[in-house]
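Chemist: please find the sequence and the predicted model below.
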Amino acid sequence: MKKRNRNTKYSLGSLLLLLAFLFYYACVDKGEQPAPAVEKPVKAKKPKAKHEVRALKVFTGKVIGIKDGDTFEVLYDGQPERVRLAEIDCPEKSQPFGKNARQYASDLCFGKTVTVTSDGKRDRYGRVVGIVTTENGTNVNEQLIKAGLAWHYKDYSDSRELALLEQHARTERVGLWADKNPVAPWEWRKNKRKKKQ
């Protein structure tokens with residue numbers, strides 16, 4: 001058995017420990033602030049091309065999209081215009097009869113030329129609010145109420161004719177009025193907002 005030389009001041013383990021400490025000390029700044037992180041350059045986003053917001057009162061165009069029962073996209077002068085049917089409110093897509101209202105509206109006017117009559121104002125979503133009439137004279141707003149697929153939106157309309165059309169549809173239990181307890185779309189949206197909070 002070999003005897004260790006006791007004259008060696010430092011063992012191999014303590015030398016390795018000392019080297020590790022010196023390496024750490026050399027790599028770490030002494031109390032100075034860390035170097036700032038290098039920021040990646042941010043690419044400037046190109047602004048989306050916006051079409052001119054037009055004050056449209058009466059215009060004729062082709063229905064190129066049915067978003068839901070009471071919101072259409074009409075191609076006018078080469079630009080799509082979103083149109084919200086005035087004085088009525090159809091069930092939301094996720095609501096009972098929402099898909100029926102959308103399909104009925106599509107059957108009435110999708111791909112057809114219509115005339116939109118508006119007061120020239122837009123709603124908070126930028127949609128033209130108006131009455132949509134097909135080439136053969138069908139008032140789409142009225143037809144949706146007659147079919148029991150829309151409510152007369154009394155908060156935004158005092159039309160006696162629409163009120164009577166809705167009352168007739170209720171009495172005859174047409175469309176959504178066949179449901180035991182139909183929920184108005186404005187109440188449906190309000191309840192949905194409450195659930196999100």
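Modeler: That came through fine.
Chemist: from now on I want contacts and neighbour counts done on CA atoms only, so please keep to that.
Modeler: OK.
Chemist: so Glu166 makes contact with Tyr153?
Modeler: No. Glu166 is beyond contact range of Tyr153, at 10.2 Å (criterion: Cα atoms under 8 Å).
Chemist: more neighbours: those two, which one.
Modeler: Glu166 (24 against 19; other Cα atoms under 10 Å).
Chemist: wait, is that one part of a helix?
Modeler: Yes. Using DSSP: H, G, I helix; E, B strand; the rest coil, the assignment for Glu166 is a helix.
Chemist: quick one: what helix or strand has Arg82 in it?
Modeler: strand 79-85 (DSSP states H and E).
Chemist: which elements pack onto the helix or strand just after that strand?
Modeler: Sequence-wise, the next helix or strand downstream of strand 79-85 (DSSP H and E) is strand 88-89. With contacts defined as 3 or more Cα pairs under 8 Å, 6 or more residues apart in numbering; DSSP states H and E, the packing partners of strand 88-89 are strand 151-152.
Chemist: who are the packing partners of the strand it packs on?
Modeler: Under the contact definition 3+ Cα pairs under 8 Å, 6+ apart, strand 151-152 sits against strand 88-89, helix 160-172.
Chemist: just the helices in the protein please.
Modeler: Using DSSP state H, the helices of the chain run over 12-27, 98-109, 140-146, 160-172, 185-196.
Chemist: avg pLDDT for the second one?
Modeler: When pLDDT is averaged along helix 98-109, the result is 97.
Chemist: cool, and the longest one?
Modeler: Within the predicted structure, the mean pLDDT of helix 12-27 is 69.
Chemist: now do the shortest one
Modeler: Averaged across helix 140-146, the pLDDT comes to 98.
Chemist: how about stretch 113-120?
Modeler: In this model, stretch 113-120 has a mean pLDDT of 96.
Chemist: what's the neighbour count on Asp155?
Modeler: 8.
Chemist: for it, give its distance to Trp188.
Modeler: 15 Å (Cα to Cα, to the nearest Å).
Chemist: how near is the residue positioned nearest the centre of the chain to Val53?
Modeler: Computing the C-alpha centroid of the chain and ranking residues by Cα atoms, centre = their mean puts Tyr125 first, at 9.9 Å. With distances taken as Cα to Cα, Tyr125 is found 12 Å from Val53.
Chemist: next, the contact list for Val83, please.
Modeler: By Cα atoms under 8 Å, 6 or more residues apart in numbering, the contact list for Val83 reads Thr71, Phe72, Glu73, Val74, Arg127, Val128, Val129, Gly130.
Chemist: just list whatever residues bridge to the residue lying closest to it once chain neighbours are set aside.
Modeler: Excluding the flanking residues, the one nearest Val83 by Cα to Cα, 6 or more residues apart in numbering is Val128, at 4.7 Å. Here Val128 sits in beta bridges with Val83, Arg122, as judged by DSSP bridges.
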